[in-house]
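Asker: Mind folding the following:
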Amino acid sequence: MILKSRISLIRDRRDSYKCDRCILNLVRQQLMQTDENIPKLNQEQQILTRLKQVFDQLGVIIVTSQGQVQFITQRGEQLLNQYFDQKNSDSLPELLQNWFKHEILSLTSNGKIPSSCLPLQIEKKGKQLLIRLIASLSGEQYLILLEEQELRSFSIASLKLLGLTKREAEVLFWVAKDKSNAGIAKILGCCEGTVRKHLEHVHKKLGVQTRTAAVMVALEKLGLLKRGIVAISS
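Answerer: Numbers count the residues shown, from 1 in each chain. Okay, here's the model as predicted:
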């Protein structure tokens with residue numbers, strides 16, 4: 001602001017040359033334009049800073065089509081060390097490298113790239129690492145997203161996450177324990193008609209028609225199908 005004031009004073013001097021005045025006018029206009037852009041630049045800088053903070057918390061890896069790591073976030077490096085005991089940050093672990101090559105081959109053979117592929121799941125100490133190949137950033141770069149989750153069990157609490165009410169979840173839980181409607185009614189302290197009504201609601205919500213199908217769909221939605229009924233907890 002002080003510089004612009006001085007420029008204004010110089011412009012008013014009668015002994016200023018015409019060329020000087022032209023130059024000073026241009027400088028003054030540039031300063032005014034810079035002042036007008038400062039709020040916008042500050043806002044953009046704040047957005048970029050927030051995006052960087054969020055990005056740093058994600059497990060993100062950018063790799064070439066050959067699997068060479070070009071960029072990895074701090075969180076991504078932590079997850080690789082935790083699940084693969086990875087020491088070399090320049091390349092993917094062998095298991096991850098094989099999965100990546102398989103996915104790339106599938107994409108290449110199909111001739112089209114979907115928005116995401118089937119994730120690779122790795123379990124360790126009650127948690128699982130979901131690894132997704134999101135999409136091709138370009139012809140030579142790919143984005144891999146690492147996400148750690150708590151392992152779900154076939155429990156009443158997890159069944160409620162599928163949109164079931166507490167009572168519906170309780171009924172389906174005991175169905176999976178091979179209890180009859182009469183047995184479930186006795187456990188829950190209600191009549192068999194109420195159990196049947198809850199089962200009807202469960203079937204409708206899960207889009208099935210049988211008790212067995214309801215359990216299987218619930219297992220699938222919870223990501224427990226490959227581990228089967230062993231994952232069912234009491």
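Asker: Tell me the helix or strand right after the helix or strand encompassing Lys186.
Answerer: Assigned by DSSP states H and E, Lys186 falls within helix 181-188. Using DSSP H and E, the helix or strand that directly follows helix 181-188 along the chain is helix 192-206.
Asker: Is there a neighbour count for Leu133? I'd like the number.
Answerer: 24 (other Cβ atoms under 10 Å). Quick note: C-beta positions are derived from backbone N, CA and C, even for glycine.
Asker: hang on, the earlier thing: what helices or strands is the helix holding Lys186 leaning on?
Answerer: helix 166-176, helix 192-206 (3 or more Cβ pairs under 8 Å, 6 or more residues apart in numbering; DSSP states H and E).
Asker: Give the rounded mean pLDDT of the first one.
Answerer: In this case it means helix 166-176. For helix 166-176, the mean pLDDT works out to 94.
Asker: which of the residues in that helix are buried?
Answerer: Neighbour-count burial for helix 166-176, counted by 16 or more other Cβ atoms under 10 Å, picks out 167-176.
Asker: Not counting its own residues, what contacts that helix?
Answerer: Residues outside helix 166-176 that contact it (Cβ atoms under 8 Å, 6 or more residues apart in numbering): 154-157, 159-160, 162, 164, 183-184, 187-188, 195, 198-199, 201-202, 205, 211, 214-215, 218, 229, 232.
Asker: low-scoring stretches of the chain, by residue?
Answerer: Along the chain, segments meeting pLDDT under 70 span 1-41, 51-52, 54-56, 86-89, 108-118, 135-139, 226-234.
Asker: Where do the strands of it begin and end?
Answerer: 59-64, 69-72, 120-124, 127-136, 141-150 (DSSP state E).
Asker: hang on, the earlier thing: among the contacts of helix 166-176, name the buried ones.
Answerer: The buried subset of those (16+ other Cβ under 10 Å) comprises 154-156, 159, 162, 164, 184, 195, 198-199, 202, 205, 211, 214-215, 218, 232.
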